[in-house]
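J.: Mind folding the following:
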Amino acid sequence: MTRSMLGAAAVLAAALVVGADAATTVAVMELGKGGVAHAIPSQSSRTTVSGVASFWNAMHTVIPKSNSGRRPAKAPRRQDSGMNLVPDLFSSPKGGLVVGILLNTEDADAMLTSMPTISKLLSSNDDSITGHFDLEGDQGMKLLNKASAKNVLHHDVASFGSALKTSSNSKNQLEAVALVLKDEAGAAEADAQVANLIKSLKEASDGKDTFVLHVVVQHQGSSRRQLEDQDQNENDDQGNDNGYSSGYYSAGYYNSDDVWVSTYRTIFQIQYFNVVLWTSIGLSVVLMYATYLMLYMPLMTDTLLFGESAKMVSE
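T.: Purely as a prediction, here's the structure:
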């Protein structure tokens, strides 16, 4: 009896460890011209499902899955504040696709060794990646439901590859395709299909348009934990500087000249703008009214302007 209880406790403890170790990473990749999304180094990559969904809503036309049985409606185009990625205000992508790789196994990190393309997408040192979102736990299905009402979950690598070829569109409506991997048998083949998708999208864009690929990888999390801890320590060391930057300048990005460009406005900036604007308008109105009174003021006939005083002196 005691042995069976100890065995059950060990299994439960192992399950808790695996569950606590689970993580989900979203890699955002711009293919083509680029410039539709900007990274904010001062903000943490850790976020939630609703945060990632708000980023997708601000960048694409998103029709999420409805749990009420009603016809799904378009999601509001508003992003949560304090995120490390923001869409550009003036440029929008030609299309968007969410590719989900759900590694539902304890050997998820071992499977990533046979998936070089996916492993590269998870790396922060890859220049082709605009940025990452890091979420705790297995959030893959929740993200896919937020991405599209027509997302298709595949358990076969061949059907997954076929869905990738027909999923990209040019209407900037976000679509989703996902694959569940439970062993290493199809890992290499699935990785090759994702690599072919990236290559074909780059060739199709031809440098004129931008297609945004959002790769959702559900894994154990140990492959990115060191990077996350390092980023957290850097943010902690910056202390109040980040608080001032994010509080006054709000969300933004550094352009090619290393100049901070804010795409949002704080309450202080909105109030300051209105004070300066209406003060300038008021002073301009007063100046124009004073000028009008001076130009059209009534003049007496016995002033020097009409020469009456000069006539009297000459007489």
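J.: those strands in the stretch 151-300 of the chain, which residues are they?
T.: Listed in chain order, the strands of the stretch 151-300 of the chain (DSSP state E, counting those that start in this stretch) span 152-154, 175-181, 210-219, 252-254, 260-262.
J.: Sketch out the low-pLDDT regions of the stretch 1-150 of the chain for me.
T.: In the prediction, the stretch 1-150 of the chain carries residues with pLDDT under 70 at positions 1-20, 66-76, 104-105, 124-125.
J.: all helices of it, in order?
T.: Counting by DSSP state H, counting those that start in this stretch, the segments of the stretch 1-150 of the chain that form helices are 2-21, 49-59, 108-112, 116-122, 140-147.
J.: what helices or strands is the shortest one leaning on?
T.: Going back to what we said before, that points to helix 108-112. helix 116-122, strand 210-219, helix 222-238 (3 or more CB pairs under 8 Å, 6 or more residues apart in numbering; DSSP states H and E). The C-beta positions use only the backbone N, C-alpha and C, and glycine is treated the same way.
J.: Can you flag the weakest of the ones you listed by average pLDDT?
T.: The minimum mean pLDDT among these belongs to helix 222-238 (a mean of 49).
J.: roughly how far apart are the closest residue in space to L179 that isn't next to it in sequence and I267?
T.: Nearest residue to L179, sequence neighbours excluded (CB to CB, 6 or more residues apart in numbering): F160, at 4.2 Å. Applying CB to CB, to the nearest Å, the value for F160 to I267 is 46 Å.
J.: Kindly provide the whole-number mean pLDDT of the longest helix seen in the chain.
T.: Counting residues, the longest helix found in the chain (DSSP state H) is helix 267-295. The pLDDT scores in helix 267-295 average 93.
J.: please begin residue numbering at 8 from this point
T.: Taking 8 as the first residue, the last one we looked at is helix 274-302.
J.: can you list the domain ranges for this structure.
T.: 24-269, 274-321 (automatic domain parsing).
J.: Please identify the most buried of those domains.
T.: domain 24-269 (a mean of 17; mean count of other CB atoms under 10 Å).
J.: sorry, back to before: possible to save the strands of the stretch 158-307 of the chain as TSV with distance to G289?
T.: What follows is the strands of the stretch 158-307 of the chain, written out as TSV (distance: least, CB to CB, whole Å):
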stretch	distance to G289
strand 159-161	60
strand 182-188	52
strand 217-226	44
strand 259-261	31
strand 267-269	27
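J.: Would you confirm that V164 contacts E196?
T.: Yes. Between V164 and E196 there is a contact at 4.9 Å, judged by CB atoms under 8 Å.
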